[in-house]
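Undergrad: Structure for the following, please:
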Amino acid sequence: MKSNTKKFVSIGGMDRREFLAWGGIISAAFLAACNSRGPKAADKLLKYAERKNRVVERALFRHTSMDAVQSGAHDAGNKLPSYYISHTVPVWDQSVRGKWALEVSGLVANPVRLTLEDLQRLPRVSNRVNHYCVEGWTAVETWTGCRFSDLASLVRVLPEAHYVDFQSFDDDYHESWDIESAMHKQTVVAYALDGKLLEPEHGAPARVYSPVKLGYKNTKYLTRIVFLPKMNGGYWSDMGYEWYGGV
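TA: As a prediction, this is how the structure comes out:
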């Protein structure tokens, strides 16, 4: 799929490509310094750089900023790429696993277990937004589901919760978010794409989706949402991808 670089949003006066490029330059500088001092020094410096990056990105994040699709942009439709880490497309097998349900737990006063029908009974929203991939392309799609903030209200999140972990049945894939991004108005637990229930290629029965995060942070094939006091990494961030993954 071809991407139009003019669609990238501006972050502090830079477009997304420039922002990521400068981040890469800074990281490379740290790596160059690290390599001259050995693995232990590298680990300390990289962790320091990651902490500083998170501070900057969270400072840039604005809860009231909304992603907007450019006039005349076309929906990607079935051209939207599908990604998963299992050897084959993950499919929930009810005969083996029982009926699918989403468990919402952790630092909450009212933990719940919701079937797909339960999710569909919550207030429904549809957001036509941009999907930003770390590979550099952007696509437009319409995601339908319940607002994450409505789900948070249902379970009565405790004040000590500062992070959220999204866990899946895609070979135990998971990614954790800061709670501010999770509570953004355009963050949804989606069960439909472009007016149709999600298909396995795009995360059925449900996934998290928000334009405020790069694609790899939007966990598909959800089984659990856990509210946490501290961040706990994720599949890609544990392998060196930037943890915050913000747009």
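
Undergrad: Run a quick neighbour tally on residue 137.
TA: Neighbourhood size, residue 137 [other Cβ atoms under 10 Å]: 17. Any C-beta I mention is one placed from the backbone N, CA and C, and that applies to glycine too.

Undergrad: which residues of the protein score low on pLDDT?
TA: Applying pLDDT under 70 to the chain flags residues 1-63.

Undergrad: Go again with 90.
TA: The chain contains residues with pLDDT under 90 at 1-65, 77-79, 240, 242, 246-247.

Undergrad: show me where it has helices.
TA: 16-35, 39-60, 94-97, 116-121, 148-155, 179-182 (DSSP state H).

Undergrad: Can you give me the buried ones in stretch 115-134?
TA: 116, 119, 120, 122, 127, 129, 130, 131, 132, 133 (16 or more other Cβ atoms under 10 Å).

Undergrad: And stretch 97-115, by the same measure?
TA: 100, 101, 102, 104, 106, 107, 108, 114.

Undergrad: Out of the buried residues of stretch 115-134, which is nearest to residue 195?
TA: residue 127 (12.6 Å; Cβ to Cβ).

Undergrad: Contacts only, for residue 207.
TA: 168, 189, 190, 198, 218, 219, 220, 221, 222 (Cβ atoms under 8 Å, 6 or more residues apart in numbering).

Undergrad: Could you identify the buried members of the residues you listed?
TA: Buried by 16+ other Cβ under 10 Å: 168, 189, 190, 198, 218, 219, 220, 221, 222, out of the contacts of residue 207.

Undergrad: Go through those and name the one nearest residue 93.
TA: Using Cβ to Cβ, residue 221 is the member of the buried ones among the contacts of residue 207 that lies nearest residue 93, at 12.3 Å.
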